[in-house]
Structures are given as C-alpha cells and as structure tokens.
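>>> Turn this into a structure:
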Amino acid sequence: MSDKKKAVVLLSGGLDSATCLAIAKKEGFEVHSITFDYGQRHDVELKCARNIAESCGVAKHHLISFNLREWGGSALTSDQIDVPAHGGSGVPVTYVPARNTIFLSFAAALAETIGARDIFIGVNSLDYSGYPDCRPAFIKAFELAATLGTKAIDENWTFRINAPLQYLKKTEIIQLGLSLGVDYSLTHSCYNPGPDGKPCLKCDSCYLRQKAFHELGMTDPQLKKFEK
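Model (predicted):
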C-alpha cells in the first residue's frame, strides 16, 4: 500500500485539467482522477480523460455518471441551444448551471472516502470564458463548505481546494504543462466537435486554445491527428 498523500484531481480531458493532474503528480500525490459523464453534448472528452489518466499512471480513474439534460439550461446540455462562435459578453450559454459546485461535491465525497485532503481543479480566471464557478471567491467558499459539511470539521482538519492555474495565462499553462511532460495531443477542449472528434475551431474554448499555441509559435498537437 502506498504511503503517499492522496489527492483527487478533476479531469475533464481538457488542456487545463491535464496540466493540473501533472502538477499534482509532480508534487508527490497519489492521484485519483475523477471525470463526469453528465449528459454533455459529446463524449470525446471522456475518452480523452481516460487516455490521460492511463498515460499518467493515476492510482484510479473514476467515471461518475448523471444527467444534467434533465433540465438543460446550457448549450452543452441541450440540443435546442447552439454553441456560439467566440465573442459576446456576459456569462455565455456554454456555462452549465452550478457545474463546478456539483463536480467539487463529488470530488469532496471521494476525497473524504479515500482519506485525501487535497482536491485539484484546473479553473482559471484570466484566459477563460467568464464562468462564475471558475472565480477565486467561489473556490475559496467551496473549500470552507467542504470542510464544514464533512467529518473534517469534527476531526480538526481542512480540505484544500488547489487551483494552481487560477492566475496563469493560457500560454503560461501550456508552457508549464510541457515542462512537466504533458502530452497535449491527448487532450480535447472544443465545445462542439465533429463526429470524429475534430475541434470546430470556432467556439470560445477553441479560440482560447488556438490563440495560446499560436502565441507560442506552436501548432496545437491535437490538430496533427486530423491532418491528412
């Protein structure tokens, strides 16, 4: 049995969460990754998350399934709402109501069960889409809520919600990930990919990702898979 300290890492299959997982591994944690099949528009990211977890050698990869299509409310959980191209202001329609609150609640339950006090999440508040549940105030508030709502409060310990990418630009995230050996060809960021998983290159997530690789003078490794 490993005597390493344990951490739960939220792994979406995207660029940020893959980088976050690499950080947790670098810091010496025994990583338990957790991915969510919540009725999102596509399942490409689920396959990517599994491949990333396998390539990084996590202790265990957990796939949790539930259906947020029951009420929709987002372009990612409703076929009646189109995924927009990059642009616009305010909270975009790709925001899934309370998604990170739900995800972190599952992560806290898993962490409490396996004896982990650290949870890693790849949220960012610089190069991001303006989602309210990616902001520092929310992360800090959830850290307190998780501590108060579990046996942590009775056993005199606290949860740590680690958001190491919070104040990094997308270019800085990619550079950090490359230094840690992250294989970005395994990741997926697009909100509206084709049937073969090819990114649309039009949505907000594609825009932020491609802009960052371009600024670094690189071709996105994921795109090379679709070159003929």
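
>>> make it CA atoms for all contacts and neighbour counts henceforth
Will do.

>>> now the helices for the chain?
Applying DSSP state H to the chain gives helices spanning 15-26, 44-56, 99-114, 136-148, 152-155, 170-179, 204-215.

>>> I'd like to know which of those is closest to Asn67.
Nearest to Asn67 among these is helix 99-114; the distance by C-alpha to C-alpha comes to 11.7 Å.

>>> and that closest one, how far from the chain's centre?
Average the C-alpha atoms of helix 99-114, do the same for its chain, and the two points are 13 Å apart (C-alpha atoms, centre = their mean, to the nearest Å).

>>> And for stretch 124-135?
Computed by C-alpha atoms, centre = their mean, the separation of stretch 124-135 from the middle of its chain amounts to 12 Å.

>>> List the buried residues of it.
Neighbour counts over stretch 124-135 (16 or more other C-alpha atoms under 10 Å) mark Asn124, Ser125, Asp127, Tyr128, Ser129, Gly130, Tyr131, Asp133, Cys134, Arg135 as buried.

>>> Show me the two of those residues that sit farthest apart.
Based on C-alpha to C-alpha, the longest span within the buried residues of stretch 124-135 runs between Asp127 and Asp133 and measures 14.3 Å.

>>> Report back the residue of this structure that's furthest from centre.
Residue distances from the centre of the chain (C-alpha atoms, centre = their mean) peak at Asp154, which lies 30.1 Å from the mean C-alpha position.

>>> residues contacting it?
With contact taken as C-alpha atoms under 8 Å, 6 or more residues apart in numbering, Asp154 is in contact with no other residue.

>>> Can you tell me how far it is from Val123?
Between Asp154 and Val123 the distance, using C-alpha to C-alpha, to the nearest Å, works out to 29 Å.

>>> same thing with Arg99?
Arg99 is 12 Å from Val123, by C-alpha to C-alpha.

>>> Which one's more surrounded, those two?
Each of Arg99 and Val123 has its neighbours counted (other C-alpha atoms under 10 Å); Val123 has more, 25 against 14.

>>> List the neighbouring strands of the longest strand seen in the chain plus their orientation.
When secondary structure is assigned using DSSP state E, the longest strand within the chain turns out to be strand 30-37. Next to strand 30-37 in the sheet, as set by DSSP bridges, lie strand 6-10 (parallel), strand 60-65 (parallel).

>>> what's the first one in contact with?
Okay, so that is strand 6-10. 17, 20-21, 24, 29-35, 103, 107, 110-111, 114-122.

>>> Quick one, which of the residues you listed are buried?
Using 16+ other C-alpha under 10 Å, the buried members of the contacts of strand 6-10 are 17, 20-21, 24, 29-35, 103, 107, 110-111, 116-122.

>>> Among the strands paired with strand 30-37, show me which one is buried the most.
Each of the strands paired with strand 30-37 was assessed for mean neighbour count using mean count of other C-alpha atoms under 10 Å. The highest is strand 6-10, with a mean of 28.

>>> next one: it to chain centre, how far?
Distance, stretch centre to chain centre, for strand 6-10: 12 Å (C-alpha atoms, centre = their mean).

>>> thinking again about what came up before, among the strands paired with strand 30-37, single out whichever gets nearest to Ile173.
For the strands paired with strand 30-37, the distance to Ile173 is smallest for strand 6-10, at 16.3 Å, taking C-alpha to C-alpha.
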